[in-house]
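Undergrad: Quick one: sequence and predicted model below, then my questions.
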Amino acid sequence: AQSVTQLGSHVSVSEGALVLLRCNYSSSVPPYLFWYVQYPNQGLQLLLKYTTGATLVKGINGFEAEFKKSETSFHLTKPSAHMSDAAEYFCAVSLNAGNMLTFGGGTRLMVKP
Amino acid sequence: GAGVSQSPSNKVTEKGKDVELRCDPISGHTALYWYRQSLGQGLEFLIYFQGNSAPDKSGLPSDRFSAERTGGSVSTLTIQRTQQEDSAVYLCASSYAGTGLETQYFGPGTRLLVL
C-alpha cells in the first residue's frame, strides 16, 4: 500500500517569496506522482506530474517539483509567490495497477501582500 | 463536453433519506473515479469504473454506498439511509484509459450536508 505525507497543513509566504510545499511518499514500487491545486469551491486541477524520465518536472503557473527517489520526496516549489497562488495543494501518488490516486492531507498556502 | 460536470452542486438532506449524485465525465474517457473530501478524512478514494464495470470498489465505506455507470458515460453514486458522517464534498474524476500515469480530470464536486 502507498501513503503520502504533506508536512505543514498551512504555509504562509509573502508575495514574491519562495514557495516550498513538502511531500513525502511511501510505496512498495516506484509510484507516479502528482500535484493538484484546489481553489475555493472548485475541483482539483493538475499542476504537474512525474511518470518517468527527467526528475525535475515543470508545471503550470511557474511551479516545478523534483522527484528524489533516495529521499522518497516530491516537493513543490515556485521561485516567487503571487497572490493568485493562494489555494490548497495536494500531493498524490498512483500505481499503474491500482489506478486510483492516494492523496496527502493537503497544504493550504496563504500569500501575504 | 468541456470538462467533468457534477450535479447537484449542493444537496441538503435529512438523516435517513437516500441521495443520488450524478457525474458526467469528459466525452471519450473510459475511466471514472469517485472520491470523497471531508474535514476529518481528507481526500479518499471511493470507487473506480472502467467502462461500465467497477473493478475496484474498495473505498466504499459501507453497504449504504453504491454506484453505477451506464453506457460507459454517466455515473450515479447513491447513498442510502444517509448519516451525518456522510456530509462531505463528493468529487468525480475521469481519465482517458485508466492507467496510473494518466491525469485525472476532476469535476467541481457535490457538497452534501446531512442534517
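TA: Received the coordinates, thanks.

Undergrad: Going by C-alpha atoms from here, please, whenever you check contacts or count neighbours.
TA: OK.

Undergrad: tell me the centre residue of the chain?
TA: As the question left the chain open, I've gone with chain A. Taking CA atoms, centre = their mean as the criterion, A:Trp35 is the residue nearest the geometric centre of chain A, at 3.6 Å.

Undergrad: hmm, I had chain B in mind actually
TA: Using CA atoms, centre = their mean, the most central residue of chain B is B:Trp34, at 3.3 Å.

Undergrad: Please give the centre-to-centre distance between the helix or strand bottoming out on mean pLDDT in chain B and its chain.
TA: Lowest mean confidence among the helices and strands of chain B (mean pLDDT, DSSP states H and E): strand B:53-56, at a mean of 85. Relative to its parent chain, strand B:53-56 has a centroid offset of 13 Å by CA atoms, centre = their mean, to the nearest Å.

Undergrad: Give the pairing partners of it; include direction for each.
TA: strand B:42-50 (antiparallel) (DSSP bridges).

Undergrad: what residues does the partner strand touch?
TA: A:100-106, B:30-37, B:54-61, B:67, B:69, B:97-98 (CA atoms under 8 Å, 6 or more residues apart in numbering or on different chains).

Undergrad: if we go to 7 Å?
TA: For strand B:42-50, the external contacting residues (CA atoms under 7 Å, 6 or more residues apart in numbering or on different chains) are A:100, A:103, A:105, B:30-37, B:54-60, B:98.

Undergrad: circling back: any idea what sits nearest the residue nearest to the centre of chain A, other than its immediate chain neighbours?
TA: A:Cys91 (4.6 Å; CA to CA, 6 or more residues apart in numbering or on different chains).

Undergrad: roughly how far apart are that neighbour and A:Phe103?
TA: In this structure, A:Cys91 and A:Phe103 are 6 Å apart, going by CA to CA, to the nearest Å.
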